[in-house]
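>>> 3D model of this:
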Amino acid sequence: MKKDFYINLQAEEQDQLAACEKTAGHYTLYRTICFFALIFAFAAAYDGLSIAGIMGVLLLVLFGWLIRQHNHIKKQIRFFQNALAVTADYLSHFDKTWQDLPDKGEDLCKASRPQDVDLHIFGKASLYQYLCCARTALGRKELARALNIMPPPPADILKHQEAAAELIGRQRLCVELLALSRQLPAGHDTVPLLKEITTDRQQDISHTLQRTSWILPILTLCSIILAAADLLSWQLPGLLVLLQFTIAMIFQQQNHAILTPLLALNQELHAYQTLFIRLRETNFTSTVLTRLAADLSQNGAPALQKLARLTDHVNLCRNLFFYVLGNALFLWDCHCAARFARWQDDAAQNLPDWLQEWAEMELYLSLAMVGHTREQYCFPQILRGDPQLKATTLAALLLDETKAVPNDTTLASETRIITGSNMSGKTTYMRTLASSLVLAYAGAPVCAKAFACTPMHIFTSIQVHDDQSQGISTFYAELLRIKQMVDFSQKELPMFICIDEIFKGTNSADRIIGAREAISRLTQPYAITLVSTHDFELCDLQSPNNIPVTNYHFAEYYEENKIKFDYKIKNGRCQTTNAQYLLKMAGIL
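Numbering: from 1, shown residues only. Predicted coordinates:
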């Protein structure tokens, strides 16, 4: 089972984390011992013991190496901590705890698109919350754009399917990439990064200053070496050091303005650099992932590696001692500003594309979530021609896989009147079909053995509420929804329509008259229309044209005075009701 894979992976990551933490403890001890030995060695050298000076230099080199190795182990610890968090997120999809994941996508829900609420595309316990692996704001928007009620070109769907299919078969790689991306803050917005790095420079370093920043440090170092060898007076090196520090102070404000963006971006740049390098080490087979990885690794990784290294060098100047020494000996700020200017000229214009490509990768990682966490799934087949939807053992993604009841469905250009008692599964059935279309359009798998559909525009009227601020009643709100469907139908484009308990906000006489007329208008050769109702009068509707109008239902049964449901759709109209039984259960009758 797929859950067992993540349980075993979690145990493996915990063991690796424990081993790294143990190794880090050893390095802490070694550094402490080496530091004190270093102090004693230089103290002995100061007292005249020449061999101690040599030992002190060797211990200093060893201390630097230990610091570097310790920092490497710390990075591994952070990685395994992030990997454990990612694995825990995957495991949450095998029970309802995924509904507690923080990114629900509520800010991406569009008020003008009621399908977002009707089909639980965004918000708590939504398709977005189940799928989302994106760490960046761009990645979140890519996923939101993919979860659309309007069908994209079939070529885009197939491209997404190809990428998601490969990632489904590479669970470890997905966990690793997501763990590396956790170095970025949640919802990381790349707009400030792009603004800071790609904005046209208002100040630049002159070529004269760039040449001076190379010539003066070389002259200074040469003079120091000659002075140390008693071949030159120390007065000249002193004057050169003073001159360099004076130049650094004169251009300090200009250099600070140029380098300020890098001071706040160190962690982000290192995160992207690490991700791009990891992609460089991966051999993909699908066309889209191969293209993304090649561009990010061959172009993005080296460029960001240079920039990340530069940010490390800029951040060294936060230490006052290094700031004075670096600028006095090497004109450090001038060098860094010149390097940043060259990087902007060479690579800054490509940075938006690289960040967008990583956002696309986050989309594919999210689309693969269904295949990673569901035992039964398939990629939809995209058909051509008149509206069609064919599904074998289709279940709802948002329900527990062990409890969801699948249904087989074959739909063509038709209208279905669905009846059934309360809680029998009518609304869930329609939501499952429509939300599976949303997944299909995104290029994600659906929870079925087989699924095929033609691209259709999705329209729904399920969760309809009044709006007191606008003076709109529930009935009028539903009327506006159905009017939108009727208006769109005049374009004669493929439509998939779901209407739950049509015109439930008005009296039965008006409801039946209005429903008959609305259903008649929506019964078209380019539409699949599903309408659930408790009004059996609608079961006798006749087709206004040659498009079939058929009846289906969900039923209940009773065992030991308890009401039960099988949640299976059946032919014909419903013959039973359960409202009186539910009223008795509630103690009202």
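>>> tell me the mean pLDDT for the longest helix along the chain?
Secondary structure assigned by DSSP state H gives helix 2-46 as the longest helix of the chain. For helix 2-46, the mean pLDDT works out to 91.
>>> gap between it and the chain center?
Using Cα atoms, centre = their mean, to the nearest Å, the distance from the centre of helix 2-46 to the centre of the chain it belongs to is 32 Å.
>>> Tell me which helix or strand comes right after that helix.
Sequence order places helix 50-92 as the next helix or strand after helix 2-46, per DSSP states H and E.
>>> May I ask which helix or strand of this protein has the lowest mean pLDDT?
Taking mean pLDDT, DSSP states H and E as the measure, the chain has helix 579-585 as its least confident helix or strand, at a mean of 61.
>>> Give me the number of neighbouring residues for Leu85.
Residue 85: Ala, not Leu. Look at Ala85: counted by other Cβ atoms under 10 Å, it has 13 neighbours. (Glycine included, C-beta is placed from N, CA and C.)
>>> confidence score at it?
Taking Ala85 on its own, its pLDDT is 95.
>>> what do you get for Leu193?
Taken from the predicted model, the pLDDT recorded for Leu193 is 69.
>>> same deal with Ile588?
Each residue has a pLDDT score; the one for Ile588 is 62.
>>> Now do the strands in the chain.
Remark: strands assigned in the chain by DSSP state E are 381-382, 389-394, 407-411, 414-420, 450-453, 457-461, 495-499, 527-532, 549-554, 556-559, 562-565, 570-571.
>>> Tabulate those strands (CSV), appending distance to Glu166, mean neighbour count and mean pLDDT.
Below are the strands of the chain laid out as CSV (distance: least, Cβ to Cβ, whole Å; neighbours: other Cβ atoms under 10 Å; pLDDT from 0 to 100):
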stretch, distance to Glu166, mean neighbour count, mean pLDDT
strand 381-382, 18, 16, 96
strand 389-394, 24, 20, 97
strand 407-411, 29, 16, 96
strand 414-420, 37, 23, 93
strand 450-453, 20, 20, 97
strand 457-461, 28, 24, 96
strand 495-499, 29, 24, 96
strand 527-532, 32, 25, 95
strand 549-554, 38, 20, 93
strand 556-559, 44, 12, 79
strand 562-565, 39, 13, 81
strand 570-571, 40, 10, 92
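>>> Name the nearest residue to Pro352, sequence neighbours excluded.
Leu194 (5.7 Å; Cβ to Cβ, 6 or more residues apart in numbering).
>>> Would you mind confirming that the one you found makes contact with Gln349?
No. Between Leu194 and Gln349 no contact is recorded; they are 10.7 Å apart, counting by Cβ atoms under 8 Å.
>>> Next, give phi and psi for the residue positioned nearest the centre of the chain.
The C-alpha lying nearest the average C-alpha coordinate of the chain belongs to Ala134 (Cα atoms, centre = their mean; 1.2 Å). Its backbone dihedrals place Ala134 at phi -70, psi 140, with angles given as degrees, to the nearest 10.
>>> Please report the distance of it from Leu275.
According to Cβ to Cβ, to the nearest Å, Ala134 and Leu275 sit 13 Å apart.
>>> hmm, back to that, so what's the residue count around the residue nearest to Pro352?
In terms of burial, Leu194 registers 14 neighbours under the definition other Cβ under 10 Å.
>>> Check Trp343 too.
Using other Cβ under 10 Å as the criterion, the residues surrounding Trp343 number 18.
>>> now swap in the one 10 residues further on and tell me
Asp353 is flanked by 12 other residues according to other Cβ under 10 Å.
>>> do Leu108 as well
Here the neighbour count serves as a burial measure; for Leu108 (other Cβ under 10 Å) it reads 20.
>>> In this structure it contacts Leu127, no?
No. The criterion here is Cβ under 8 Å, and Leu108 misses it with Leu127 at 11.3 Å.
>>> Out of the strands of the chain, which is closest to Phe40?
Among the strands of the chain, the nearest to Phe40 by Cβ to Cβ is strand 450-453 (73.7 Å).
>>> What angle do helix 50-92 and the longest helix of the chain make with each other?
For the pair helix 2-46 and helix 50-92, the angle between their directions (axes from the mean of the first three to the mean of the last three Cα atoms, to 10 degrees) equals 170 degrees.
>>> so what does helix 2-46 touch, helix or strand wise?
Other elements packing on helix 2-46 under the criterion 3 or more Cβ pairs under 8 Å, 6 or more residues apart in numbering; DSSP states H and E are helix 50-92, helix 171-181.
>>> by how many degrees do that helix and helix 171-181 diverge?
In terms of direction (the same axes, to 10 degrees), helix 2-46 departs from helix 171-181 by 50 degrees.
>>> can you give me the helices in the stretch 201-350 of the chain?
With DSSP state H, counting those that start in this stretch as the definition, the stretch 201-350 of the chain shows helices at residue ranges 207-228, 235-250, 252-263, 266-280, 287-295, 301-315, 320-330, 332-347.
>>> domains in this protein, as residue ranges please.
If the domains of the chain are taken from automatic domain parsing, they occupy 2-92, 132-205+251-372, 381-585, with pieces of a single domain joined by a plus sign.
>>> can you tell me which of the helices and strands packed on helix 2-46 the model trusts least?
It's helix 50-92: among the helices and strands packed on helix 2-46, that one has the lowest mean pLDDT, namely a mean of 90.
>>> Next, the angle from that one to helix 266-280.
Calculated by the same axes, to 10 degrees, helix 50-92 forms an angle of 70 degrees with helix 266-280.
>>> which residue sits closest to Gly139, ignoring its sequence neighbours?
For Gly139, the spatially nearest residue (Cβ to Cβ, 6+ apart) is Glu362, at 3.2 Å.
>>> And for the one you found, the neighbour number?
Neighbourhood size, Glu362 [other Cβ under 10 Å]: 23.
>>> got a list of what it touches?
With contacts taken as Cβ atoms under 8 Å, 6 or more residues apart in numbering, Glu362 has the following neighbours: Cys133, Ala134, Arg135, Thr136, Leu138, Gly139, Glu142, Leu143, Ser181.
>>> same thing but at 10 Å, please
For Glu362, the contact set (Cβ atoms under 10 Å, 6 or more residues apart in numbering) comprises 132-136, 138-140, 142-143, 177-178, 181.
>>> pLDDT at the residue nearest to the centre of the chain, what is it?
For Ala134, the pLDDT comes out at 94.
>>> do the same with Asn327
For Asn327, the model assigns a pLDDT of 82.
>>> Can you tell me, leaving aside adjacent residues, what's nearest to it?
Ala248 (3.7 Å).
>>> that older thread, between the domains of the chain, which one is closest to Leu226.
domain 132-205+251-372 (15.3 Å).
>>> Count the neighbours of Gly187 for me.
Applying other Cβ under 10 Å, I find that Gly187 has 14 neighbouring residues.
>>> Repeat that for the one 4 residues further on.
Other residues near Val191 number 11, with proximity taken as other Cβ under 10 Å.
>>> now swap in Gly572 and tell me
Close neighbours of Gly572, defined as other Cβ under 10 Å, add up to 12.
>>> and the closest residue in space to it that isn't next to it in sequence, what is it in contact with?
Distances taken as Cβ to Cβ, 6+ apart place Asn551 nearest to Gly572, at 5.5 Å, with adjacent residues excluded. Asn551 is in contact with 416-419, 536, 538-541, 570-574, counting by Cβ under 10 Å, 6+ apart.
>>> Same question for Glu176.
Neighbouring residues of Glu176 by Cβ under 10 Å, 6+ apart: Phe79, Asn82, Ala83, Val86, Arg170, Leu275, Arg278, Thr282.
>>> Buried ones among those?
With burial judged by 16 or more other Cβ atoms under 10 Å, the buried subset of those is Phe79, Asn82, Ala83, Val86, Arg170, Leu275, Arg278.
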